[in-house]
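Colleague: Turn this into a structure:
(chains A and B)
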Amino acid sequence: MNFQALTLPEKLDQLFVFVQHWIMGFFPAHWQPLVGALVGVVGIVASFPAIFALTTVLERKGLGRMQNRLGPNRVGPLGIFQPVADGIKSLTKEDIVPVSADGVVHFLAPVVLVVAIFLGYASLPIGRNMVLVNIDAGLLFFFAVGASTELSIFMAGWSSRNKYSLLGAMRAVAQMISYEVPLLMSAIVAVMMTGSLSTVKIVEAQSGFTGIFPHWYVFTPWGFAGFVLFVIAALAETNRTPFDLPEGESELVAGYFTEYSGFKFALFFLGEYLGMMSIAGFGITLFLGGWGAPFSFLNFIPSWAWFFLKLLAALCFFIWLRGTLPRLRQDQLMNFAWKFMLPMTLLNLMVAAAWRFLGDSATGAWLRWVLCAGVLLLAYVGLGRVLMRKQRLGARSYRYAE
Amino acid sequence: MSTAAFKSYRPPVIEPSNEGELLEVAMGPHHPSTHGVFRMDVALDGEIVIKLKPVFGYLHRNHEKIAEKASYLASMPYTDRLDYFCSMTNNWAYAIAVEKLAGIEVPERAQYIRVITAELTRIQNHASAIGFLLQEMGASGTPLMYAFREREKILDIFEELSGSRMMCNYMRFGGCRVELPKDWLEKVAAIVDGLPRFIDEIEALLTGNEILMARTQGVGVLKPDLAVNAGITGPMLRATGVNYDIRKVDRYGIYDRFEFRVPLGDHGDIYDRYMVRVLEMRESVGILRQALKDVPAGPIVDPKQKVRGFRPKPGEAYGRIEGPKGELGFYLISDGSGNPYRYRVRPPSLINLTVLEDMCIGQNVADVVLTFGSVDIVLGEVDR
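Modeller: You can find the predicted model right below:
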């Protein structure tokens, strides 16, 4: 590809790819694949923690605004250097390991967490031609690597020799394993429609436009249902409100990382946010058209900019939920996973299959829309009603004494 | 449950499952949701509570003994520190006890001011209690901050009146300490006009929330007979359906002049406690509107009344009011000297806490925190 021959929007779009190739050009041919991969790795390892730093400010200021307060505003203009101060603080803080803790495992747990989460970014398409490794089973790789974070959380909880940590780890493992199932099941519909596990192919399958509107999977009945289910499962998977039981502050102090301080604590914090960003990134890839523009006339904006804008929107959504919702209880969480999420994801698989089967013919188009949307809506309302009736919840009326 | 049966009453016992050992966790005294320094020694089977032992006394300050060594008036500022959320009602309860003991009359204007400050205190206490409850449910402080926004306005008004936001030290035997500042009543009226909107907001955001319902309905249930036998008072008792509001029973002060209703729950669970508090805030707004309409002119304290160094006749008196948390009473014995021979507080926080184990056994750890929060205690009053 010749950089000079491209138009300006295309140049901007492929900017990072050309930078990578330019750096690779300094090395002999047999070194180039390694250098190219290294450049990509450095890019990801540098950019996502930077976004994490900004997210912490965004979260604290956003939550502050939701709660009638200002949030951090002392460090630098409008408090934007707060993460720097936090970083220095966590680096200089004493690193305390409990006497009875298992030192090695206690040390390894945060490292394993961050490494596993960074591995997941390998198959995340950040822009056009911008994916670290374009493997055919990219999605499978992400889920496989993502599942190993549970190990590190249990390592942390077990090695700390703290009762709160242990309870938190127990909750975390139960919760994450339960929600791994609906998370995967809800993602499979996108794979079914694309016919590939490759994340790049999934994005490309959504890159067309009808008029000005894109062909994102979220704009179909099965895609919308899959997206909502994916978001719920992702919230549980990343321990965010209303599923933040493993670190439920009011009950378990800080859950599995109660006994961590200093930089190890910061690593857990980093891991949590990186996990949130990677799962949001995959949600965007699967259902929100990845790096595609939302309208055809906005195509001139670089693809990576769209990805990060969508990621920002997703992070804002996470923050909004955190400022709004109370937390569920362990048994309710499990009931929700197995009695609501799993049946809905299974049904969604069938609906997606039916959608494929009914085809895209002129007569079948509206029929499959009505049919698929109707089935999903009916199941949602019916299942919700039944489950709510079993719990005997509801508004009450109150009497007054004479 | 009869009284005789209650003497042999023990909290319910549940058998742990036979898998593994019980996990004993000391929740507190430095746990994030114990409202101060309080400890719950919990035995857990998985996450189910098998045993719970409340341990308190970490904040004991010898309040009652100090009061026996101090003059009657000198104890007034100490009562602020009992339940530091509601210093006005604490003052009032102590003032009522001393007024009974010494037979002091309170002028009309002071009575009105006392009602206004007490109802404002009730509103801010209930709002904060709801906020803290939601905080313990994991709502990251947003409802608490909404509650504090209203509380700030009320505290500002208290500051203007008494010079202090929380430690008001405003009541005196036979009246109040200082005359109302200029335009104070108008400012209160403006705040009271804004309160229904705040209560509507709380209700719109919380009452119908499915997660809140799922977490609170049927959780932390207290049976009415146990509540009566254990001496539970306040919103917690009324949530079980027992009609007992000292404002209606004693009609102390001038509460017989105001129209208000007493909301009652039917289930005695956390949701009922929450709703009773919300409805009581609405009733308090009604009382405030009526009281603000006709505050009479006149003295705030009888000018002939001797306040400093006065010596009531030998005798005893028990003064009580319906505090925001329950029945707050002061029991005084005078031996004719300048300080009480015996001074005893009946703290609603402590007595409402005695049934914690009954409400928590068989529940999840998360529910223990929530049940504890729904009791609405202040450790300053529990330990004294």
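Colleague: just checking, A:M170 touches A:I153?
Modeller: No - using C-beta atoms under 8 Å, A:M170 makes no contact with A:I153, being 10.1 Å away. From N, CA and C alone the C-beta is placed, and that goes for glycine too.
Colleague: out of those two, which sits in the more crowded spot?
Modeller: A:I153 (28 against 19; other C-beta atoms under 10 Å in any protein chain shown).
Colleague: Quick check: closest non-adjacent residue to the more buried one.
Modeller: Nearest residue to A:I153 in three dimensions, chain neighbours excluded: A:A172, at 4.7 Å (C-beta to C-beta, 6 or more residues apart in numbering or on different chains).
Colleague: Tell me the secondary structure of that neighbour, please.
Modeller: For A:A172, the assignment made with DSSP: H, G, I helix; E, B strand; the rest coil gives helix.
Colleague: What residues does it make contact with?
Modeller: Counting by C-beta atoms under 8 Å, 6 or more residues apart in numbering or on different chains, A:A172 makes contact with A:150, A:153-154, A:157, A:239, A:245-246, A:255-256.
Colleague: residue ranges of the helices in the stretch 101-250 of chain B, please?
Modeller: With DSSP state H, counting those that start in this stretch, the ranges of helices along the stretch 101-250 of chain B come out as B:108-136, B:142-162, B:184-202, B:210-216, B:224-229, B:235-239, B:246-249.
Colleague: Comparing these, which comes out most buried?
Modeller: A comparison of the helices of the stretch 101-250 of chain B by mean neighbour count, using mean count of other C-beta atoms under 10 Å in any protein chain shown, puts helix B:235-239 on top with a mean of 29.
Colleague: Please name every helix or strand in contact with it.
Modeller: Contacts defined by 3 or more C-beta pairs under 8 Å, 6 or more residues apart in numbering or on different chains; DSSP states H and E place helix B:235-239 against helix B:224-229, strand B:262-264, helix B:270-293, strand B:326-334.
Colleague: so which of the ones you listed gets nearest chain A?
Modeller: Comparing the helices and strands packed on helix B:235-239 against chain A with C-beta to the nearest C-beta, the closest turns out to be strand B:262-264 (4.1 Å).
Colleague: Partner strands of the closest one and their direction?
Modeller: The strands beside strand B:262-264 in its sheet (DSSP bridges) come out as strand A:399-401 (antiparallel).
Colleague: average pLDDT across the strand it pairs with?
Modeller: Mean per-residue pLDDT for strand A:399-401: 81.
Colleague: what does stretch A:19-29 give?
Modeller: For stretch A:19-29, mean pLDDT rounds to 82.
Colleague: Buried residues of it, list them for me.
Modeller: By 16 or more other C-beta atoms under 10 Å in any protein chain shown, the buried positions in stretch A:19-29 come out as A:20, A:24.
Colleague: Start and end of it, how far apart?
Modeller: End-to-end distance for stretch A:19-29: 17 Å, by C-alpha to C-alpha, to the nearest Å.
Colleague: For the stretch 1-150 of chain B, give the residue positioned nearest to chain A.
Modeller: The nearest approach of the stretch 1-150 of chain B to chain A comes at B:G138, 2.9 Å away (C-beta to the nearest C-beta).
Colleague: OK, contacts around the closest residue to that residue other than its chain neighbours?
Modeller: By the measure of C-beta to C-beta, 6+ apart, the closest residue to B:G138 outside its immediate chain neighbours is A:R327, 2.9 Å from it. Under the criterion of C-beta under 8 Å, 6+ apart, the neighbours of A:R327 are A:241-245, A:248, B:137-139, B:211, B:215, B:366.
Colleague: The same query, at a cut-off of 7 Å, please.
Modeller: A:241-242, A:244-245, A:248, B:137-138 (C-beta atoms under 7 Å, 6 or more residues apart in numbering or on different chains).
Colleague: any chance of the residues you listed in CSV, with pLDDT, secondary structure and neighbour count too?
Modeller: Converted to CSV, the contacts of A:R327 look like this (pLDDT from 0 to 100; DSSP: H, G, I helix; E, B strand; the rest coil; neighbours: other C-beta atoms under 10 Å in any protein chain shown):
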residue, pLDDT, secondary structure, neighbour count
A:T241, 76, coil, 23
A:P242, 81, coil, 22
A:D244, 80, coil, 22
A:L245, 75, helix, 26
A:G248, 67, coil, 30
B:M137, 85, coil, 29
B:G138, 81, coil, 28
